[in-house]
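In: sequence and predicted model, in that order:
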Amino acid sequence: MSVRARAEIVHDVERGGAMSEQAAPTTAVARSAKMRLSASRERTILRAAYEILAESGYQGLHYEAVATRARTSKATLYRHWPTKAELVTTAISFRPAEDLQVPDTGTLRGDLLAYLQLLAEWMSGEPGAVISGLFVTMRNDAELAALLRPLLIPAVPPVRAVCERAERRGELALDQDVRFIDELCAPALFMRHALLGLPLDAEFVEYLVDGVAMPLLTRAT
């Protein structure tokens, strides 16, 4: 074989190799696009996961049940949500956010009453029941706890906005971290509702505001 013929063969091989390398990213992109879920398919799956979570709790949620209800395969679920913690937290975050924007009633006491009433209604409803059911699991499941806490703890707590309004009115000197209001009142609401089985009525909300929140917030003013 002549030198020229050999050179032409080498050129053809190198050209073919370069073409294969160029085609590889395109194939990977196409495969990735094929694996992505459509928005409507994702909604169907996450809705199914949330419904089963509400019905059966975290321990009762199984991929097979979600796949059956969503009419998909377990392989699809594991491909997009490799762990149950990821599937559950995505399903929870996908739900419409609860509106805890506290109306401006004109007074600190009125705003606190409105805020805790909203919190009580949330806790008494389905979202509160679902989250409450995850509390014990979070203690023993580090992955679930790490994924879920950012969803439950807003960057700016509503009670902070309430107290900032009160400061602008001259009702309050905001020289303290007001998160303690949530840290005290939210567990009281949870214990009364989930553990004692008692209603979160207006009387109890007023007790928390007048007996706990107002005295602590205004003790230095």
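Out: Cool, the structure landed. Only a predicted model underlies this, so the values are computations on that prediction, with no experimental measurement involved. Numbering: from 1, shown residues only.

In: any idea how many residues pack against residue 61?
Out: Counted with other C-beta atoms under 10 Å, the burial measure for residue 61 works out to 20 neighbours. In this view, the C-beta of every residue, glycine as well, is placed from N, C-alpha and C.

In: what's near enough to touch it?
Out: Shown in contact with residue 61 (C-beta atoms under 8 Å, 6 or more residues apart in numbering): 49, 52-53, 84, 87-88.

In: tell me the SS of it?
Out: Under DSSP: H, G, I helix; E, B strand; the rest coil, residue 61 falls in the coil class.

In: about what we covered before: which two in the contacts of residue 61 are spaced the farthest apart?
Out: Using C-beta to C-beta, the contacts of residue 61 span at most 11.1 Å, a distance reached by 52 and 84.

In: which stretches of this protein form helices?
Out: 3-35, 39-56, 63-70, 74-80, 84-94, 108-124, 126-140, 142-152, 158-169, 179-190, 202-208, 214-218 (DSSP state H).

In: turn those into a markdown table, columns for distance to residue 100, mean neighbour count and mean pLDDT.
Out: Output for the helices of the chain, formatted as a markdown table (distance: least, C-beta to C-beta, whole Å; neighbours: other C-beta atoms under 10 Å; pLDDT from 0 to 100):
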| stretch | distance to residue 100 | mean neighbour count | mean pLDDT |
| --- | --- | --- | --- |
| helix 3-35 | 37 | 10 | 41 |
| helix 39-56 | 19 | 17 | 95 |
| helix 63-70 | 29 | 17 | 97 |
| helix 74-80 | 30 | 14 | 96 |
| helix 84-94 | 16 | 19 | 94 |
| helix 108-124 | 5 | 20 | 94 |
| helix 126-140 | 11 | 15 | 89 |
| helix 142-152 | 12 | 14 | 92 |
| helix 158-169 | 5 | 18 | 92 |
| helix 179-190 | 11 | 16 | 91 |
| helix 202-208 | 14 | 16 | 97 |
| helix 214-218 | 18 | 16 | 91 |
